[in-house]
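In: Structure for this input, please:
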Amino acid sequence: MVTNTVQVVGVGTANQPTSYSQTDVLDRYGITDGRIRGVFLNGGIERRSLHLPADGVDGRPQTETQAELLAKHRSDGVAMGVEALGRALERAGAGLDDVRYLCCVSSSGWLTPGLSALICRELDLAWDVGRLDVVGMGCNAGLNALSAVTGRAVQRPGEIAILLCVEVCSAAYVFDSTIRSAVVNSLFGDGAAALAVVADAEPGPQAGPRVLKYSSCLIPDSLAAMRYDWDSDHGKFSFFLDPQVPYVVGAHAGQVVDRLLADTGLDRRDIDHWVVHSGGKKVIDSVKINLGLTTHDLRHTSGVLRDHGNLSSGSFLFSFERLLDEAVARPGDHGVLMTMGPGSTIESALIRW
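Out: The predicted model follows:
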């Protein structure tokens, strides 16, 4: 899909008000197992924003029911989503009345009506705002949804369309003594990120890059490698990550980028800026090696992982915000956005300043 006229005009992010170091989490839960502590402390993450439950009579965080987790997803998701959306609009120099389309993405909870309706009500947006909820696609879903958002923008030139990724990952945790759960619990954080785009009827001065093209890759052989499904032992949903995920993603990253750049006259050496999902230290390293990138190329991806952990669908927008704040992109520069998630799936987009 080519959307030559769609321009990014604003980005904004938000996190939970409470932030914990990895050691804080381990100590609060009284985890002394050396293997589990190693998983937490050796993953390239220093802090994460989380909403941990209150302590029980034993001095440890209480076990939450699925109903309590869902309530957390609803309340915290709306709060962070509203904050991120407001920041994106401020950066765009726009107001709530300018929002004509809102696409909300989340995989950390299931709501009907969805977050888009709840946030529209919270902000008293116009009753005829277009809405879309993308639920359950996982960490890759931000770019899947951006394709829909830019498509809508093309249909309505001059109107602001919003992509809003909202992930309350602390509403999707299971705590036990297994390494499987430790890997998940050590990795994910809470956050929301919004991107505002507009398609102008007449070309104007660029406030941000334009979205040129998308490319997708589904790897069916690893369909079960990442999944969020019902855990009968705990009576709630839980997330599973196969240890082979980083290598599967890395092995397919090159062909995804080459397909994205096909028929553009560009190759990997022509890409000035890389914005990759902060999927985990091993994922980042695997992508870096297989694409021949440098640590500098992925500085924002690694920085977001360090400061926030894996924020699921919104991670790449946190990195993108840092790139824009750095103000190093120049007119004519090209960038690649890349996300990966359950499927296994790799999504990519080509942008140009």
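In: At which residues are the helices of this protein located?
Out: Per DSSP state H, the chain carries helices over the ranges 22-28, 34-41, 66-92, 115-123, 141-155, 179-187, 245-261, 281-291, 299-308, 315-326.
In: List just the one of those that sits closest to residue 7.
Out: Nearest of the helices of the chain to residue 7, taken as Cβ to Cβ: helix 141-155 at 8.7 Å. (C-beta placed from N, C-alpha, C; glycine too.)
In: quick check: domain ranges of the protein?
Out: For the chain, automatic domain parsing gives the domain ranges 6-199, 210-352.
In: Put together a markdown table for the ones you listed, with mean pLDDT and mean neighbour count on each row.
Out: Output for these, formatted as a markdown table (pLDDT from 0 to 100; neighbours: other Cβ atoms under 10 Å):
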| stretch | mean pLDDT | mean neighbour count |
| --- | --- | --- |
| domain 6-199 | 94 | 20 |
| domain 210-352 | 91 | 19 |
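In: mind putting the helices of the chain in TSV, distance to residue 16 included?
Out: Converted to TSV, those look like this (distance: least, Cβ to Cβ, whole Å):
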stretch	distance to residue 16
helix 22-28	13
helix 34-41	18
helix 66-92	7
helix 115-123	16
helix 141-155	19
helix 179-187	16
helix 245-261	26
helix 281-291	22
helix 299-308	10
helix 315-326	14
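In: of those helices, which approaches residue 101 most closely?
Out: In terms of Cβ to Cβ, the element of the helices of the chain nearest to residue 101 is helix 141-155, at 4.8 Å.
In: Residues contacting the closest one, please?
Out: Helix 141-155 is contacted from outside by 1, 3, 5-6, 101, 103, 105, 107, 130, 132, 134, 137, 159, 161-163, 165, 193, 195, 197-199, 211, 214, 216, 313-317, 337-339, 341, 347-349, using Cβ atoms under 8 Å, 6 or more residues apart in numbering.
In: just to revisit the earlier point, out of the helices of the chain, which gets nearest to residue 273?
Out: When the helices of the chain are compared for distance to residue 273 using Cβ to Cβ, the nearest one is helix 315-326, at 5.9 Å.
In: What helices and strands are in contact with the closest one?
Out: In terms of contacts (3 or more Cβ pairs under 8 Å, 6 or more residues apart in numbering; DSSP states H and E), helix 315-326 is packed against strand 6-15, helix 141-155, strand 191-199, strand 273-276, helix 299-308, strand 334-341.
In: one more time with 6 Å, if that's ok
Out: The helices and strands touching helix 315-326, judged by 3 or more Cβ pairs under 6 Å, 6 or more residues apart in numbering; DSSP states H and E, are strand 6-15, strand 191-199, strand 273-276, helix 299-308.
In: Let me know which of the ones you listed is the nearest to residue 185.
Out: helix 299-308 (15.1 Å).
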